[in-house]
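Peer 1: after the sequence you'll find the predicted model.
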Amino acid sequence: MKTTKKISLILSVIEKSVNNYTIPLQEIANRMNKFQILVSLILSSRTKDQTTSLVMKRIIDKRLNSPSDFLKISQEELKKIIRPCGFFSLKAKYLKELSKILKDKPLPDTKEELLKLPGVGPKVANLFINYCLGGNEIAVDTHVFRIANRIFFKKKPSRNPEETEKRMKDIIPEGKRAYINTLFVKFGQNICLPINPLCNKCLLKRLCPSYKPF
């Protein structure tokens, strides 16, 4: 089977296997503006999706809709709001700095400019570009990193997210790239688990080089 056809088949099988699963944050995405989406992406780093969703509901309910709104509350109050998130003190600092920078400026529309913002790394920048700017970037989080190495790079695993992003761009069609993160997060949270993946229940087992029957 040609590589392009095999990759398309793998993606379609994964899509079929996660069709009934959702990502908690996506359930409230239609209630967020672009600035709040950027905030949610910063908060989501090293934090479970359920927790990020809970905190974003707090932010929405408190009508923290803009950089000016975030600047009106104290850093201590902001810490209390986002406390369930991992590294909440550092993230509160980032959000305050972010709000100062963006108070009188439009949101950046390039990856280069996004990466200059506090709390924004390649994954956050790529997700923002995909969600808010109609981009086709591959956003590599822990699920994408793990699953890509299990399925695509088993013989020579990627060493870091940056390498994974580069290698994935070489094999994933441009029109599919923006969807990879959502697809692999669903797959990684429910089937291809970090520990004890559900290999015997996985629809992909005949195509997966990491399949381990038990």
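Peer 2: Noted; the coordinates are in hand. Numbering: from 1, shown residues only.
Peer 1: ranges for the helices of this structure?
Peer 2: For the chain, helices defined by DSSP state H occupy the ranges 3-17, 34-44, 49-61, 67-72, 75-82, 88-102, 111-114, 122-133, 142-151, 161-171, 174-190.
Peer 1: ok, which of those helices comes nearest Leu203?
Peer 2: helix 3-17 (4.5 Å; CB to CB). No exception for glycine: its C-beta is placed from N, CA and C like everyone else's.
Peer 1: off-centre distance for the closest one?
Peer 2: 20 Å (CA atoms, centre = their mean, to the nearest Å).
Peer 1: contact partners of it?
Peer 2: Contacts of helix 3-17 with the rest of the structure, by CB atoms under 8 Å, 6 or more residues apart in numbering, involve 1, 151-152, 171-173, 176, 183-184, 187, 191, 202-204, 207.
Peer 1: can you check stretch 46-55 too?
Peer 2: Residues outside stretch 46-55 that contact it (CB under 8 Å, 6+ apart): 23-25, 27-28, 40, 43-44, 81-82, 84-87, 185, 189.
Peer 1: let's have the helices of the chain in a markdown table, adding mean neighbour count, distance to Asn196 and mean pLDDT.
Peer 2: Formatted as a markdown table, these follow (neighbours: other CB atoms under 10 Å; distance: least, CB to CB, whole Å; pLDDT from 0 to 100):
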| stretch | mean neighbour count | distance to Asn196 | mean pLDDT |
| --- | --- | --- | --- |
| helix 3-17 | 15 | 17 | 93 |
| helix 34-44 | 22 | 24 | 96 |
| helix 49-61 | 18 | 20 | 95 |
| helix 67-72 | 16 | 40 | 98 |
| helix 75-82 | 16 | 31 | 97 |
| helix 88-102 | 18 | 30 | 97 |
| helix 111-114 | 14 | 36 | 97 |
| helix 122-133 | 21 | 25 | 96 |
| helix 142-151 | 20 | 13 | 97 |
| helix 161-171 | 16 | 22 | 97 |
| helix 174-190 | 19 | 13 | 95 |
